[in-house]
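**Student:** my questions concern the predicted model and sequence given below.
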Amino acid sequence: NLATALRRDHHQPACNSHGLSSTAGESARPAASYTTLWGMIKVERSRCLDRRLDPFDRMVEVVDILTIPVLNRATSHSGFGDALDGVGHSFGIIGSAFMPISDLFPKAGITFWDVAHETNGGYICDGFTRASGKMGMAIAQNGPGITGFITAMKTAYWNHTPMLLVTPQAANKTIGQGGFQEVEQMAMFRDIVCYQEEVRDPSRIAEVLNRVILKAWRGSAPAQINVPRDFWTQVIDIELPQMVRFERPSGGRKAIADAAALLSEAKFPVILNGAGVILAGGIPASQALAEKLSAPVCCNYQHNDAFPGSHALACGPLGYNGSKAAMDLIAKADVVLALGTRLNPFSTLPCYGVDYWPVDAKIIQVDNNADPIGLTKPVTVGIEGCAKQVAEQILGQLSPTAGDAGRQEREDLVRDTKAQWQETLS
C-alpha cells in the first residue's frame, strides 16, 4: 500500500536514460516493490516493453527510482551503491581499493564479472553496453589495474559507447607521498573519456557519480569517476541526488529550414550516415528522406549498418577499404547531408587513388554534439541535434518538387555505378 501511495503521489512519466518521455501506448509495470535502505524509501518502476518504441529506446532499460529524501547517516560506499541507477553489470578484477563497495554489489542488483585481465574487462563492458543498451561499469584496483583499461576505454570512446569507468585512487591522505600504487589516474584518462571528475569529499560521492553517469549518456562515451580509496568507508549525511535527464536536442528551426531549402534545390543530393543515425534509431527516417530525394546513401567507415545494404540507394561505406561506388557517387554531389557523423578524417580518407570528397558541394552536418561540426570539413549549415529528429523535420519541410530534377538519371547512375563496383570485386 505504501508503494502504491508513493507512486500515486509522486508520479512521473516513464523516461529512458536520455530523458525521452514515454508516449501513448507504452506500458511500464506498476510499482512492484519498495525497500528501505539507510532511511531512503524507494519505489521502483521497471521497463518500458512496448515494441512500438524505436530500436534505440527499446534497448534502453527504463528504471525510475522515486525517492523521498531523508537525511540519514550512511557509509559513503552505500551512497555509491544507491546512486548506481540502472547499472546492473560490472567488469574488472577485484582489488582492495574498492573492496567495500564490491561487498554491496549483490544488494544493489549488480553482477560483477571477474575477468582474466582488465583490458578484457574493458572490451567486454564495451560490447555488453553496445549490445544491450544498458550502461556497463568497468572497475579495478588502483594503479596497475586501472592502467589496463586505457586501450579499451579509448576504443569505447570511438565506438560512441556510454560506459561508467570507476577508478579507485591511492588514499587521499597519502596522495603525493608515494601512496600505495599511486599514479596520476586523472591525467592518464584525460584524453580518453568524454568526462572525468575526482571526488573531493566522501559526502559528494553520490553527487559526483550521478553527474558522471549523466555525462556518459549525454556524451555517448565512457566517463570516469576517480575515488580515493579511503573515502569509501566514511560516515556521511546525504540526500540521494535526483537523476536529471535531458531530451536529445532537435536542431534549430532556422538551420533545419535552411537545410531543407538546400536539399529541395539540389541537383545531386547525397546522404552520408554515421553512427549517430544508429544510436538515435534514425535509419527509417534517413531512408524516407533518401527515397523522397532519390539520394544515394553512403555510410561512414565501420558503420555499414547505418543504412540497409539491400536498399537500391545504398552505396556502401566511404574511407579505408570502402566502396568505390560510394566514392564515385559522393564526388558528384552538389549537396551532402552528413547525418549523425563527426566527419572524422578516417571516414573520408582518399582511397584507390581517388580523392573523392566534393570540395565545391554545400555540406549540411548534423551531430548531437556541436563540437565536431565544421571541425574537419567546411560546412554550409551546421545542426546540433538528434539525427532521427532532424531527418524527420527536414523531410517535413522539403518542397513538393524536391528530388524531381534528374531523378531517373540519378537512380540509373546509382544502379550502374554499384554494378560496376561489384563487377570489379568479382
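**Tutor:** Cool, got the structure.
**Student:** surely Leu263 touches Ile363?
**Tutor:** No: counting by CB atoms under 8 Å, Leu263 does not reach Ile363; the two are 11.9 Å apart. C-beta coordinates here come from the backbone N, C-alpha and C atoms, glycine included.
**Student:** run through the residues that contact Phe98.
**Tutor:** Neighbouring residues of Phe98 by CB atoms under 8 Å, 6 or more residues apart in numbering: Ile139, Gln141, Val166, Pro168, Val227, Arg229, Trp232.
**Student:** would you tell me which helix is longest in the protein?
**Tutor:** Assignment by DSSP state H gives helix 407-425 as the longest helix of the chain.
**Student:** you'd agree Lys362 is up against Ala261?
**Tutor:** No: using CB under 8 Å, Lys362 makes no contact with Ala261, being 10.5 Å away.
**Student:** when those two are compared, which one has more neighbours?
**Tutor:** Lys362 (21 against 16; other CB atoms under 10 Å).
**Student:** that one - nearest residue in space that isn't next to it in sequence?
**Tutor:** Nearest residue to Lys362 in three dimensions, chain neighbours excluded: Thr380, at 4.1 Å (CB to CB, 6 or more residues apart in numbering).
**Student:** Lys388 now?
**Tutor:** Lys388 sits nearest to Gly282 (CB to CB, 6+ apart), 3.2 Å away.
**Student:** tally of neighbours for the one you found?
**Tutor:** 27.
**Student:** again, but for the one 10 residues further on
**Tutor:** Applying the criterion other CB under 10 Å, we find 15 residues in the vicinity of Lys292.
**Student:** counting by contacts, list what the helix or strand containing it packs against.
**Tutor:** Element membership for Lys292, per DSSP states H and E: helix 283-293. Counting contacts by 3 or more CB pairs under 8 Å, 6 or more residues apart in numbering; DSSP states H and E, helix 283-293 is packed against strand 269-273, strand 297-299, helix 387-397.
**Student:** mind putting those into TSV with distance to Glu197?
**Tutor:** Output for these, formatted as TSV (distance: least, CB to CB, whole Å):
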stretch	distance to Glu197
strand 269-273	33
strand 297-299	35
helix 387-397	28
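**Student:** in CSV: these, plus mean neighbour count, mean pLDDT and distance to Ala221.
**Tutor:** Converted to CSV, these look like this (neighbours: other CB atoms under 10 Å; pLDDT from 0 to 100; distance: least, CB to CB, whole Å):
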stretch, mean neighbour count, mean pLDDT, distance to Ala221
strand 269-273, 29, 97, 20
strand 297-299, 30, 96, 20
helix 387-397, 23, 97, 17
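**Student:** Glu409: neighbour count?
**Tutor:** 12.
**Student:** for it, give me its contacts.
**Tutor:** Taking CB under 8 Å, 6+ apart as the definition, Glu409 has no contacts.
**Student:** any regions of this structure where pLDDT drops low?
**Tutor:** 1-86 (pLDDT under 70).
**Student:** of the contacts of Phe98, closest to Arg253?
**Tutor:** Arg253 lies nearest to Val166 out of the contacts of Phe98, by CB to CB, at 40.6 Å.
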